[in-house]
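1. sequence first, then the predicted structure:
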Amino acid sequence: MDNKNIDINVIWDRIVNHQGQVFHQKKGKPFSYSVDRNTIHLKSDAITRPITKREIEKALDIVPIKSVSEVQHLQAPAYINGILMDARIRENLW
């Protein structure tokens, strides 16, 4: 797949539009998030680390993510996977 055609701004708009909704990590654990400018703030007891738009952009070079280990080098990899692999965000792009 040629990920160079994926526009971060389109994906970011989808992420913003779905803030507050329930997403799931690969193992099924639910979470939600809010977005403030270029930062995702996770709403989870397990983590307080923010995810930047830049981290999402880096992950777009990898999608489709087959394993969380593929994004292990990024902040909050299980949550990035949960967001980017959700059908509401990818909308059949990957």
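-> It's in. Numbers count the residues shown, from 1 in each chain.
2. skipping adjacent residues, who's closest to residue 48 in space?
-> residue 42 (7.4 Å; Cβ to Cβ, 6 or more residues apart in numbering). Yep, even glycine has a C-beta here, placed from its N, CA and C like the rest.
3. what is the one you found paired to in the beta sheet?
-> residue 33 (DSSP bridges).
4. quick one: contacts for it?
-> Listed by Cβ atoms under 8 Å, 6 or more residues apart in numbering, the contact partners of residue 42 are 31, 32, 33, 48, 49, 50, 51, 76, 79.
5. with residue 37 instead?
-> Residue 37 is in contact with no residue at all, counting by Cβ under 8 Å, 6+ apart.
6. quick one, strands of the protein?
-> With strands called from DSSP state E, the chain shows them at 23-24, 30-36, 39-43, 51-52.
7. quick one: buried residues of stretch 53-63?
-> 53, 55, 56, 58, 59, 60, 62, 63 (16 or more other Cβ atoms under 10 Å).
8. narrow the residues you listed to those in helices?
-> Residues of those located in helices (DSSP state H): 53, 55, 56, 58, 59, 60.
9. spatially nearest residue to the first one, not counting backbone neighbours?
-> It stands for residue 53. Leaving out its chain neighbours, the residue that sits closest to residue 53 by Cβ to Cβ, 6+ apart is residue 38, at 4.0 Å.
10. want to throw the ones in helices among the buried residues of stretch 53-63 into JSON lines with distance to residue 88?
-> Formatted as JSON lines, these follow (distance: Cβ to Cβ, whole Å):
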{"residue": "53", "distance to residue 88": "18"}
{"residue": "55", "distance to residue 88": "19"}
{"residue": "56", "distance to residue 88": "14"}
{"residue": "58", "distance to residue 88": "21"}
{"residue": "59", "distance to residue 88": "16"}
{"residue": "60", "distance to residue 88": "16"}
